[in-house]
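J.: next comes the sequence, and after it the predicted model I'd like to discuss.
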Amino acid sequence: MLLLLFYWSYLGFTFVNLGFCFQKITRLKPTESIFTIIFGMLTTTILASVWAIFGRINFEFQLFLLALQFGIVVGFKKELTSIYLNFWHQLKTLPQKLQILLGLTLLLTLLYGVSDASFIDNETYYVQTIKWLNEYGLVKGLANLHLFFGQTSGWHILQSAFSFSYLSDRLNQLNGFCLLLGNLYAIFRLNDYFKNSSAQNLWIGLLPTANVVLFAFCQVPSPDLAVMIFSLIAFDFFIQQYKTEDIVSFNVLFLLSIFIVYIKVTALPILLLPLLFLIINFKKIISKIALSLLMGLIMLFLFIIKNSILSGYPLFPSTLSKDYYKVDYAIPPALYNFSFDCTHCYSFFISGKDFGTSNAWQIFVKWLLYSGTSNVFNVMIIVIMLLMPYFTKRYFNQKSYWILYSLMVLQFALIWYGSPHYRFMLPFLLLFGLIAFSIFVKSMPSIYRLCFGSLVLAFCFLWFPIPLGNHQQKLNFNKQQFSMSQVIYPHKNSNLKTEYEEHQMGNLKYFSPDTGVYIWANGNGKLPCVNFKQIDYFDRKLHYIPQLRTSNIPDGFYSRKTTQP
């Protein structure tokens with residue numbers, strides 16, 4: 001816990017410094033100090049993404065960040081001191097109960113951060129994705145080794161910049177910092193509600209009541225948590241600034257939106273918010289959007305380069321433009337189609353055979369009612385989409401809220417075509433869940449009881465966790481009780497219980513977990529690491545195996561055809 005607290009303090013220091021520099025360069029001065037930290041995260045992500053194109057994100061990159069920060073601190077010491085003092089003043093002037101709430105949230109986030117995580121995506125590709133970035137950077141055709149590596153997120157790139165893999169294998173807790181950031185923003189807004197009774201301040205201020213669910217994401221570097229937190233902030237900012245004609249507001253909203261999309265491309269519809277802002281205020285701000293256009297082009301360029309290197313598909317997971325970019329390491333169509341079909345059926349919790357023979361209503365019912373623990377969230381999605389027009393009309397009848405509701409419907413329509421997984425709807429579930437909650441919870445005593453009650457419940461779930469997926473049982477995790485050593489050190493990044501064996505297939509030597517491990521899981525094995533069962537399955541069913549392009553791992557991978565079907 002002590003190491004993790006120091007780690008998060010260093011993250012905060014770094015992001016404030018780089019965010020301040022970003023705002024100096026762009027001349028942005030948002031009123032919320034939280035945006036300085038978010039801009040620092042955006043700046044670091046851009047720098048790390050560029051760095052990863054040319055080499056590993058290791059201690060060299062951290063030295064670069066330290067040198068950059070040193071120059072910023074020396075050059076702008078007074079202004080930075082003012083920022084830190086102003087932030088400290090904001091904390092000191094919070095009511096005592098809100099200070100206690102923030103302190104207990106910090107303590108519980110630390111407890112979750114140092115505990116062992118039983119999160120399936122962490123073992124399938126989070127740990128390995130970050131490890132590849134730390135040891136080699138972006139590797140050509142890496143998705144041929146494991147299809148999930150093609151999903152390398154901007155969030156994983158940011159995490160790789162602060163995993164300190166050359167010192168420890170216990171520091172992949174960027175999500176805990178992000179959750180604290182979201183709670184800090186919410187508590188400041190809740191304090192505003194106690195002063196002015198604004199309904200908008202209330203719903204975002206009730207975010208701490210959702211910690212009982214959000215804590216489950218803070219143990220691993222899941223992009224979903226960052227998308228949820230930053231989307232809520234973007235939604236709140238959009239509602240605040242909807243009727244303004246300020247170019248700064250547009251730039252802030254646009255930068256936040258492109259950062260969210262770079263973290264997870266399934267959040268693409270959120271870009272409609274700054275687009276609508278631009279359309280509404282077109283004449284007054286069109287001549288001043290050069291900054292946003294430049295940043296948008298930079299992020300798009302990095303997104304295309306990242307995908308082109310990893311998969312050979314510039315707009316991965318989309319196949320658009322693949323015909324204009326031909327490389328020897330591109331994922332073969334057979335592997336890509338298998339990945340898409342498999343993901344599609346998995347998201348509907350239906351077999352490929354049943355999917356082909358079922359009508360739309362049967363597929364919908366299967367997705368809604370027979371999806372294991374996910375069906376709770378699936379039902380919530382449908383209920384909220386059906387009921388929110390009534391609540392919006394009666395209690396929040398403003399254009400900005402109707403736009404956000406329409407955005408939710410569009411998001412659902414898009415993911416239904418691709419992958420209707422509940423996690424892709426969580427930002428909207430959280431948004432409208434908090435809005436509906438704020439209709440019935442308004443008094444200060446009730447708010448405090450709910451916020452503190454959520455922490456008590458989250459503390460109980462720390463010892464008796466609720467699985468977030470119906471495939472959790474497919475992995476054998478190391479189950480450990482909280483120990484005194486964790487007061488100082490967090491748990492290891494991977495919690496997969498396995499041993500690793502070296503295998504060879506053609507010119508590829510790789511390390512595989514034991515045969516009892518779920519086919520897509522890798523854990524924290526030595527690179528290159530991929531499950532033998534996966535290699536064997538693709539060889540037998542699709543007749544492709546991953547191979548090294550040369551004798552050197554940094555030169556990447558391609559898929560070699562083995563036999564004719």
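T.: Right, received. Where do you want to start? Numbering: from 1, shown residues only.
J.: so who does the spatially most central residue of the chain touch?
T.: Among the residues of the chain, the one closest to the centroid is residue 223, at 1.4 Å (C-alpha atoms, centre = their mean). Residue 223 sits next to 153, 154, 155, 156, 263, 264 when contact means C-beta atoms under 8 Å, 6 or more residues apart in numbering. For the C-beta atoms, the positions are set from N, CA and C on the backbone; glycine is no exception.
J.: identify the farthest-apart pair in those residues.
T.: Spatially, the most separated pair among these is 156 and 264, at 10.5 Å (C-beta to C-beta).
J.: any chance of the contacts of residue 223 in TSV, with distance to residue 127 too?
T.: Formatted as TSV, the contacts of residue 223 follow (distance: C-beta to C-beta, whole Å):
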residue	distance to residue 127
153	13
154	17
155	14
156	10
263	18
264	18
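J.: so between residue 156 and residue 264, which is more surrounded?
T.: Shown here are residue 156 and residue 264; by other C-beta atoms under 10 Å, residue 156 has more neighbours (26 against 21).
J.: and the pLDDT for the more buried one?
T.: For residue 156, the model assigns a pLDDT of 98.
J.: burial count for residue 509?
T.: Based on other C-beta under 10 Å, the number of other residues close to residue 509 is 12.
J.: can you name the next helix or strand after the helix or strand containing it?
T.: Assigned by DSSP states H and E, residue 509 belongs to strand 508-513. Next in sequence after strand 508-513, counting helices and strands by DSSP H and E, comes helix 532-541.
J.: next, the angle strand 508-513 makes with that following helix.
T.: 120 degrees (axes from the mean of the first three to the mean of the last three C-alpha atoms, to 10 degrees).
J.: just the residues contacting the next helix or strand after helix 532-541, thanks.
T.: Remark: after helix 532-541, the chain's next helix or strand is strand 544-548, criterion DSSP H and E. Residues outside strand 544-548 that contact it (C-beta under 8 Å, 6+ apart): 144-145, 332, 334-335, 505-508, 530, 535, 538-539, 555-562.
J.: residue 12 and residue 38, how far apart?
T.: According to C-beta to C-beta, to the nearest Å, residue 12 and residue 38 sit 12 Å apart.
J.: what do you get for residue 27?
T.: From residue 27 to residue 38 the distance is 17 Å (C-beta to C-beta).
J.: and what of residue 521?
T.: Counting by C-beta to C-beta, the gap from residue 521 to residue 38 is 33 Å.
J.: again, but for residue 21
T.: Taken as C-beta to C-beta, the span from residue 21 to residue 38 is 14 Å.
J.: which one's more surrounded, those two?
T.: A direct count of neighbours by other C-beta under 10 Å for residue 21 and residue 38 places residue 38 higher, at 25 against 22.
J.: kindly state the pLDDT recorded for the more buried one?
T.: 97.
J.: show me what whatever helix or strand it lives in is packed against.
T.: Assessed by DSSP H and E, residue 38 sits inside helix 34-54. Packing contacts for helix 34-54, counted by 3 or more C-beta pairs under 8 Å, 6 or more residues apart in numbering; DSSP states H and E, involve helix 2-26, helix 59-75, helix 154-160, helix 174-196, helix 223-241, helix 247-263, helix 290-311.
J.: ok now the second one, how far from the chain's centre?
T.: From the chain centre to the centre of helix 59-75 is a distance of 26 Å (C-alpha atoms, centre = their mean, to the nearest Å).
J.: could you name the helices and strands sitting against that helix?
T.: Against helix 59-75 (3+ C-beta pairs under 8 Å, 6+ apart) you get helix 2-26, helix 34-54.
J.: check contacts around residue 254.
T.: So residue 254 contacts 274, 292, 295, 296 (C-beta under 8 Å, 6+ apart).
J.: quick check: the farthest pair among those residues?
T.: Across those (C-beta to C-beta), the longest gap, 11.2 Å, separates 274 and 295.
J.: which residues of the chain score low on pLDDT?
T.: Within the chain, the segments meeting pLDDT under 70 span 341-361, 363, 370-374, 465-474, 479-484, 564-565.
J.: make it 50
T.: Low-confidence segments of the chain (pLDDT under 50): 469-471.
J.: could you check which helix or strand contains residue 134?
T.: helix 127-135.
J.: before we move on, back to that, among the contacts of strand 544-548, name the buried ones.
T.: 144-145, 332, 334-335, 505, 508, 530, 535, 538-539, 556-560 (16 or more other C-beta atoms under 10 Å).
J.: so which of the residues you listed is the closest to residue 69?
T.: residue 556 (32.9 Å).
J.: for that closest one, grab phi and psi.
T.: When read as degrees, to the nearest 10, the backbone of residue 556 gives phi 100, psi -170.
J.: pretty sure it sits against residue 329.
T.: Yes. With contact defined as C-beta atoms under 8 Å, residue 556 reaches residue 329; the gap is 5.4 Å.
J.: right, and the helix or strand after the helix or strand hosting residue 460?
T.: Under the criterion of DSSP H and E, residue 460 resides in helix 444-463. Next along the chain after helix 444-463, taking DSSP H and E as the criterion, comes strand 500-505.
J.: what is that next one packed up against?
T.: strand 508-513, helix 532-541, strand 544-548.
J.: one more time with 6 Å, if that's ok
T.: Secondary-structure packing of strand 500-505 (3 or more C-beta pairs under 6 Å, 6 or more residues apart in numbering; DSSP states H and E): strand 508-513.
J.: what residues does the strand it packs on touch?
T.: With C-beta atoms under 6 Å, 6 or more residues apart in numbering as the test, strand 508-513 has contacts from 498, 500-503, 523, 525-526, 528-532, 546-548.
J.: phi, psi of the residue nearest to residue 425 when sequence neighbours are not counted?
T.: Ranked by C-beta to C-beta, 6 or more residues apart in numbering and with sequence neighbours excluded, the top spatial neighbour of residue 425 is residue 381, at 5.2 Å. Dihedral angles of residue 381 (phi, psi; degrees, to the nearest 10) stand at phi -60, psi -50.
J.: what about residue 381, how many residues nearby?
T.: 20.
J.: report the separation between it and residue 454.
T.: Computed as C-beta to C-beta, the residue 381 to residue 454 distance reads 22 Å.
J.: can you check residue 44 too?
T.: Shown here: residue 44 relative to residue 454, a distance of 31 Å by C-beta to C-beta.
J.: equivalent analysis for residue 387, please.
T.: Taking C-beta to C-beta, one finds residue 387 at 23 Å from residue 454.
J.: what sits against residue 264?
T.: Residue 264 neighbours (C-beta under 6 Å, 6+ apart): 223, 227.
J.: ok so, going back, out of the buried ones among the contacts of strand 544-548, who's nearest residue 64?
T.: The nearest one, if we look at the buried ones among the contacts of strand 544-548 relative to residue 64 and count by C-beta to C-beta, is residue 556, at 24.5 Å.
J.: SS state for the closest residue to the closest one other than its chain neighbours?
T.: Closest residue in space to residue 556, ignoring its immediate chain neighbours: residue 140 at 3.0 Å, by C-beta to C-beta, 6+ apart. What DSSP: H, G, I helix; E, B strand; the rest coil gives for residue 140 is coil.
J.: number of nearby residues for residue 140?
T.: Residue 140: 21 surrounding residues under other C-beta under 10 Å.
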